[in-house]
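Undergrad: sequence first, then the predicted structure:
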Amino acid sequence: MSSPEMILETYESVAQGFARARNRSLFERRWLDRLLNHAPARLPARRVLDLGCGPGLPIAAYLSERGCAVTGVDGAAAMVALFRENMPRATAVEADMRGLELGKKFEVVLAWNSFFHLSVEDQRAMFATFAAHAAPRAVLMFTSGPSAGEAIGEVEGQPVYHASLDPKEYRKLLVDSGFAPISFTPEDPECFGHSVWLARYMG
């Protein structure tokens, strides 16, 4: 079995195998392009906060190639080491996303396939963290489940915890934290069944 408390330990232990097996076809490209289309411009580069960045390939690398200044945050030291190796020009931070306080603002806040490993209470608390790091009119994108519930998946042969709130609660949390929802696509068939949220910070 797995629990939210075991997530970082699990990803620490499977980092090398995860990096080798990670799908790099960039099936997420359509959503990443949509994210960038909504993100406010900034010179010399739009700042991206990638929460649960993992090894940085392919998502952080793609955003960097599109001219973004990426800061990757991960609580697993082995993942941060891989991120630094793969993304030498990016900023890497070893830290738990829960209660993160970087003291910086970003035009893009991203939590792709990471936020949903947190407990439901920690997910609720994360919306204040999202808002604290969002520049004016920043865009937030994260993946969740399509409906409320908990599940145990698998990563490199190890059990891994997932949780999701009800979409109505996510929408309320966004609004209460100063975000205007742009879209929610549950189980997007064009993105390997990922359920994707996109919102703009108006606070």
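TA: Received, thanks. Computed from a prediction, not measured in an experiment: that's the story for all the values here.

Undergrad: so which residues of this protein form helices?
TA: Listed in chain order, the helices found in the chain under DSSP state H are 7-21, 29-38, 59-65, 77-86, 120-132, 167-176.

Undergrad: export the ones you listed to CSV and tack on mean neighbour count, distance to A148 and mean pLDDT?
TA: Every residue, glycine included, has its C-beta placed from N, CA and C. Formatted as CSV, the helices of the chain follow (neighbours: other C-beta atoms under 10 Å; distance: least, C-beta to C-beta, whole Å; pLDDT from 0 to 100):
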stretch, mean neighbour count, distance to A148, mean pLDDT
helix 7-21, 17, 19, 98
helix 29-38, 16, 22, 98
helix 59-65, 20, 26, 98
helix 77-86, 20, 28, 98
helix 120-132, 18, 8, 98
helix 167-176, 16, 7, 98
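
Undergrad: in a markdown table: those, plus distance to V48.
TA: Shown next, in a markdown table, are the helices of the chain (distance: least, C-beta to C-beta, whole Å):
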| stretch | distance to V48 |
| --- | --- |
| helix 7-21 | 20 |
| helix 29-38 | 9 |
| helix 59-65 | 5 |
| helix 77-86 | 13 |
| helix 120-132 | 13 |
| helix 167-176 | 19 |
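
Undergrad: which one, of these, ends up nearest to V160?
TA: Counting by C-beta to C-beta, V160 lies closest to helix 7-21 out of the helices of the chain; the figure is 5.7 Å.

Undergrad: what is the closest one packed up against?
TA: helix 77-86, strand 149-155, strand 158-164 (3 or more C-beta pairs under 8 Å, 6 or more residues apart in numbering; DSSP states H and E).

Undergrad: packing partners of the first one?
TA: Spelled out, that is helix 77-86. Counting contacts by 3+ C-beta pairs under 8 Å, 6+ apart, helix 77-86 packs against helix 7-21, helix 59-65, strand 69-74, strand 91-94.
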